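Enquirer: what would the 3D arrangement of this be:
(chains A, B, C, D, E and F)
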There are 4 protein chains.
Amino acid sequence: MGAVKTKRMPRAVREQQMLDAAVRTFGRRGYMAASMDEIAELAGVSKPLVYLYLNSKEDLFTACIRREAHALTAAVRSGVQPDTPADRQLWDGLRAFFTHTAQHPDGWAVLHLQARTHGDAFAAEVTAMREEIVAFVTQLILAAARAAHRDPDFPEHEIAGLAEALVGAAESLADWANATPDVTARQAAATLMNFAWAGLGNLMNSDPWIPPVS
Amino acid sequence: MGAVKTKRMPRAVREQQMLDAAVRTFGRRGYMAASMDEIAELAGVSKPLVYLYLNSKEDLFTACIRREAHALTAAVRSGVQPDTPADRQLWDGLRAFFTHTAQHPDGWAVLHLQARTHGDAFAAEVTAMREEIVAFVTQLILAAARAAHRDPDFPEHEIAGLAEALVGAAESLADWANATPDVTARQAAATLMNFAWAGLGNLMNSDPWIPPVS
Amino acid sequence: MGAVKTKRMPRAVREQQMLDAAVRTFGRRGYMAASMDEIAELAGVSKPLVYLYLNSKEDLFTACIRREAHALTAAVRSGVQPDTPADRQLWDGLRAFFTHTAQHPDGWAVLHLQARTHGDAFAAEVTAMREEIVAFVTQLILAAARAAHRDPDFPEHEIAGLAEALVGAAESLADWANATPDVTARQAAATLMNFAWAGLGNLMNSDPWIPPVS
Amino acid sequence: MGAVKTKRMPRAVREQQMLDAAVRTFGRRGYMAASMDEIAELAGVSKPLVYLYLNSKEDLFTACIRREAHALTAAVRSGVQPDTPADRQLWDGLRAFFTHTAQHPDGWAVLHLQARTHGDAFAAEVTAMREEIVAFVTQLILAAARAAHRDPDFPEHEIAGLAEALVGAAESLADWANATPDVTARQAAATLMNFAWAGLGNLMNSDPWIPPVS
DNA sequence: TATGAATGAGAGTTCATTCAT
DNA sequence: GATGAATGAACTCTCATTCAT
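Expert: The predicted structure follows:
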């Protein structure tokens, strides 16, 4: 069931094994329903070792959140090329995002479902990551407005709402894509780009957003 | 602290008191962290009575989900007038939605945060409600396409994605509006309508969606 | 092993049973080595009931200390007649003290050994009782001085030391009497009265303190 | 924090460092609350080394008791000059005793508080030391009686009680002196000499014991 | 001589749940 | 219709102790 029992590993390696087991368990069972016993067994170690290295259930969960948040933002960042048009950056970012969430469903569940529902301390950890992403999207929207040679005539705080809506839609689509068979990351990204960039009104007039060739 | 202790109430009334207490407790503490003790005390009854009426913690939580889901869909339904244009229906529905989630934050937390994070059985309960809403939105999109005298040239399954994106964005905005001071239900609805109907591309060209007067 | 299992007792009765078991266990094993499991079993109840009524191990121990301290001071107080000469009052008090400690060795161990060695919070509980006794003895010494028509020519703070010495000697003798077979409470009291009242110097000169007839 | 980490020390030195750390930890935390981890860290060595040298927690504690008991009796013995009058010997012994307990509060706590509250095995270790002291005091009393040219007319076992009372009073005064600011070892000794030698009755008659000049 | 890696066993505590009245 | 009394089971966490090097 658990990992193969390999004895006497250096601490750093063991810690990663524990975090792997913890992310999987927290993601599937939920923070409270996950027991330290189960995590330890899945990691192939004894419970005291988990406590020795990770300190407490709360600290372990926090470590999971941080690791997964870092992995997700790193994935998105490395998928985007800075000096490309705004819509291209968004398209690349979304594909990286949906690809990562599809490949790490447990990590995504930890971030999106578990961390936000078990206390402010944990929620604050994800909020930090989320704000980074929202800021990235906000800046893309502003860049697009500049590219259209226009100062946006809607107020700053309205842009915050738009970015929030886009990010929220992406988060929901990630869950949806994970739950719906045969929906690829690329399709999810295309759907959202159309929705966000062209808008339903334009889509009705057959004026969709066209993905770049890559 | 809890409800005023009135003895010998009819069962239906007592049950509602219990559900009130349970929704509040589940919404604030989370499903697992909420204790039957706390719920019973908040409801002003003894624990055995809770079990007599609601049977178990799981059943109690399920009853909460159903009641709140029903209340939310009823609120949205009663906000929409069937024989109006699609964008008007969406606008009315969104306003009803954001109004309800703002007025019942605990119920919304139960549906959006708690029910989805504690096992498939509970998640399935919300999924039923969610599918109803997604179906409503899907039908609005199709109606809009018909109104534009066009068969949508993107496949059925693409529409599902669009509806999903819209609903997901709405859910996220509900959390955002609840957490951000001074954001009204109307503002949240306007932001989302602009985003969804006009799209970011059009917004850049100063071609926003215009809310109806009401 | 434990008490006969009698079901459904009123809370007050069960609490006393639990305190009985706790005093015995704490007194014999020590505070830390005593397990809540053992106490519960000895009391003939399940562990959760102990927690329901007494809250925590710390609270349970505190409750033990208070009950035993109260019992001991009550025993001493009721053994002394206020309007008798100082040496008679001391003699009566010591007999009551040694009688009580001999009859409640576990309670005495809780007060004298355990409560003072496991943290300031517990120690403070006994200190309160001890100070009451020291104050009583101090006042006896002053009364004796007045009876000898003399203002004591040693300073206040010296009297504190004398009272402390007398009480400390009594405490040690209580342990000694409990540990030494065939030493009665009366003998212990007589030894200490001779030592304290007449002093070793006088005893050498065959001038002991003579116990009253009673 | 702990001792400076110096590698490869001779065994005897390392052992003393460990005992220093152990006495301090046992004295402050108590036997059970003291953890081998803390002791090892305070000693500046790894835990396995503690086990290699001292074998087990019980053995380590026993070693502490023996070392501190030896140190205390040695201090008292070296303070007393054999061929002096009994009261002078007692006076010198008490001063040495109070001086040592004031200078080694952790060691005194180990002997007086901890060793007696955690099982007969440990208690027996202190009992050995205590009996040595009681025997010394008993012999002083007998010497005083002989000096008064009288065979004491109270039985052997009464003398045991007197010695016990004196030693018990000294032990209590040691705690009291440590806990009361500005009480010197000399003052504690004087208080106890007055109390023991002259007795309260004589003190009332202004016939105290007079300390020798030194 | 010395230690980083690891654990079996058991502690205090809490909870959903039921019985007897 | 309603409750005070009671518990089995599980949880987080800690500790003395050892192995392999």
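
Enquirer: pLDDT value on A:A143, please?
Expert: Looking at A:A143, its pLDDT reads 85.

Enquirer: setting aside sequence neighbours, what's the nearest residue to it?
Expert: Excluding its sequence neighbours, the residue lying closest to A:A143 (Cβ to Cβ, 6 or more residues apart in numbering or on different chains) is A:A86, at 4.4 Å. Heads up, the C-betas are built off the backbone N, CA and C, glycines and all.

Enquirer: contacts only, for that neighbour.
Expert: A:L140, A:I141, A:A143, A:A144, A:A147 (Cβ atoms under 8 Å, 6 or more residues apart in numbering or on different chains).

Enquirer: now those: which count as buried?
Expert: Applying 16 or more other Cβ atoms under 10 Å in any protein chain shown to these, the neighbour count classes A:L140, A:I141, A:A144 as buried.

Enquirer: quick check: phi and psi on A:D83?
Expert: Here is the backbone geometry of A:D83 (degrees, to the nearest 10): phi -100, psi 40.

Enquirer: any chance of the buried ones among the contacts of A:A86 in TSV, plus secondary structure?
Expert: TSV is the format used below for the buried ones among the contacts of A:A86 (DSSP: H, G, I helix; E, B strand; the rest coil):
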residue	secondary structure
A:L140	helix
A:I141	helix
A:A144	helix
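
Enquirer: just want the most central residue of chain A.
Expert: The centroid of chain A falls nearest to A:L72 when counting by Cα atoms, centre = their mean (5.1 Å).

Enquirer: which bits of chain A sit near DNA strand F?
Expert: Contact residues (Cβ under 7 Å from any atom of the strand) of chain A with DNA strand F: A:K7, A:R8, A:A34, A:S35, A:M36, A:D37, A:K47, A:P48, A:Y51, A:S56, A:K57, A:E58.

Enquirer: try it again at 6 Å.
Expert: Contact residues, chain A versus DNA strand F (Cβ under 6 Å from any atom of the strand): A:R8, A:S35, A:M36, A:D37, A:K47, A:P48, A:Y51, A:S56, A:K57.

Enquirer: show me where chain A has helices.
Expert: A:11-29, A:36-43, A:47-54, A:57-79, A:86-103, A:105-109, A:120-147, A:156-179, A:185-193, A:199-204 (DSSP state H).

Enquirer: ok, now how distant is the closest residue to chain D within chain A from A:C64?
Expert: Among all residues of chain A, A:L52 sits closest to chain D, at 10.5 Å; criterion: Cβ to the nearest Cβ. Here A:L52 is placed at a distance of 17 Å from A:C64 (Cβ to Cβ, to the nearest Å).

Enquirer: higher neighbour count, the two?
Expert: Using other Cβ atoms under 10 Å in any protein chain shown, the more surrounded residue of A:L52 and A:C64 is A:C64, with 31 against 12.

Enquirer: one step back: which one (most neighbours) among the residues of chain A next to DNA strand F?
Expert: Busiest of the residues of chain A next to DNA strand F [other Cβ under 10 Å] is A:K57, holding 18 neighbours.

Enquirer: give me the pLDDT for the closest residue to that residue other than its chain neighbours.
Expert: Excluding the flanking residues, the one nearest A:K57 by Cβ to Cβ, 6+ apart is A:M36, at 5.9 Å. Looking at A:M36, its pLDDT stands at 97.

Enquirer: what do you get for A:P211?
Expert: On the pLDDT scale, A:P211 gets 67.

Enquirer: over to A:A3?
Expert: For A:A3, pLDDT reads 45.

Enquirer: same check, this time on A:P85
Expert: 88.

Enquirer: verify the contact between it and A:A147 for me.
Expert: Yes: the criterion here is Cβ atoms under 8 Å, and A:P85 meets it with A:A147 at 6.9 Å.

Enquirer: any weak-confidence spans in chain A?
Expert: Across chain A, the ranges flagged by pLDDT under 70 are A:1-6, A:149-156, A:200-201, A:203-214.

Enquirer: same thing but 50
Expert: A:1-3 (pLDDT under 50).

Enquirer: would TSV of the residues of chain A next to DNA strand F with distance to B:E164 be doable?
Expert: Output for those, formatted as TSV (distance: Cβ to Cβ, whole Å):
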residue	distance to B:E164
A:R8	49
A:S35	34
A:M36	36
A:D37	37
A:K47	41
A:P48	45
A:Y51	42
A:S56	38
A:K57	34
